[in-house]
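Colleague: Below is the sequence, then the predicted model.
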Amino acid sequence: MPFTEISVTDAYQLLADDPSAVLIDVRTPEEWAQIGVPTLESIGKRVRFATWTWFGTGERNPNFLAEATEGLDVETPLLFLCRSGARSQGAATVAEAAGFGTTYNVTQGFEGGPGAAGWKHAGLPWTQG
């Protein structure tokens, strides 16, 4: 089954309601440091960080899937987050193709896009990297 699109607020609610659900931020270390990162401490979880594509070159991280899913079972619901929801689509597609049964693309991303408020602007928990 292909990945599911999910809004930032629905993603946060799913992460709060499902103890096994995992949020994976697929942006770059530069974005994490300069723009900020989501936090899940208020619901007793930690965000995973695994870069999908490298800053500057746009080349895909060949170790992405291993870094993103290390120690996780294929039944673990995975929610992928990037800046605006584009890179995370690719990440969700790759995870789904690798056999992870429940994958989500957080549609508006961390910052959002035209007409769509992302995680940060929706008032969800985050911190400056």
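Modeller: Perfect, I can see it now. Only a predicted model underlies this, so the values are computations on that prediction, with no experimental measurement involved.

Colleague: rest of the way, CA atoms for contacts and neighbours
Modeller: Will do.

Colleague: Let me see the ranges of the strands in the protein.
Modeller: 4-6, 22-25, 37-38, 48-49, 78-81, 103-106, 112-113, 116-117, 126-127 (DSSP state E).

Colleague: Dump those into TSV; add mean neighbour count, mean pLDDT and distance to residue 55 as well.
Modeller: Shown next, in TSV, are the strands of the chain (neighbours: other C-alpha atoms under 10 Å; pLDDT from 0 to 100; distance: least, C-alpha to C-alpha, whole Å):
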stretch	mean neighbour count	mean pLDDT	distance to residue 55
strand 4-6	18	95	25
strand 22-25	24	98	14
strand 37-38	22	98	16
strand 48-49	18	98	15
strand 78-81	29	98	16
strand 103-106	28	97	20
strand 112-113	17	78	19
strand 116-117	17	79	23
strand 126-127	14	96	21
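
Colleague: With distance to residue 60 added, can I get those strands in a markdown table?
Modeller: What follows is these, written out as a markdown table (distance: least, C-alpha to C-alpha, whole Å):
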| stretch | distance to residue 60 |
| --- | --- |
| strand 4-6 | 22 |
| strand 22-25 | 15 |
| strand 37-38 | 21 |
| strand 48-49 | 15 |
| strand 78-81 | 15 |
| strand 103-106 | 18 |
| strand 112-113 | 22 |
| strand 116-117 | 26 |
| strand 126-127 | 26 |
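
Colleague: Run through this protein and note the low-pLDDT ranges.
Modeller: Applying pLDDT under 70 to the chain flags the ranges 1, 114, 129.

Colleague: Please repeat the previous calculation with a cut-off of 90.
Modeller: 1-2, 56-58, 85-86, 101, 112-117, 129 (pLDDT under 90).

Colleague: Touching, residue 82 and residue 88? I think so.
Modeller: Yes: the criterion here is C-alpha atoms under 8 Å, and residue 82 meets it with residue 88 at 5.3 Å.

Colleague: residues near residue 70, how many?
Modeller: If you count neighbours by other C-alpha atoms under 10 Å, residue 70 ends up with 10.

Colleague: Let me fix that, I meant to ask about residue 97.
Modeller: If we define neighbours as other C-alpha under 10 Å, then residue 97 has 13 of them.
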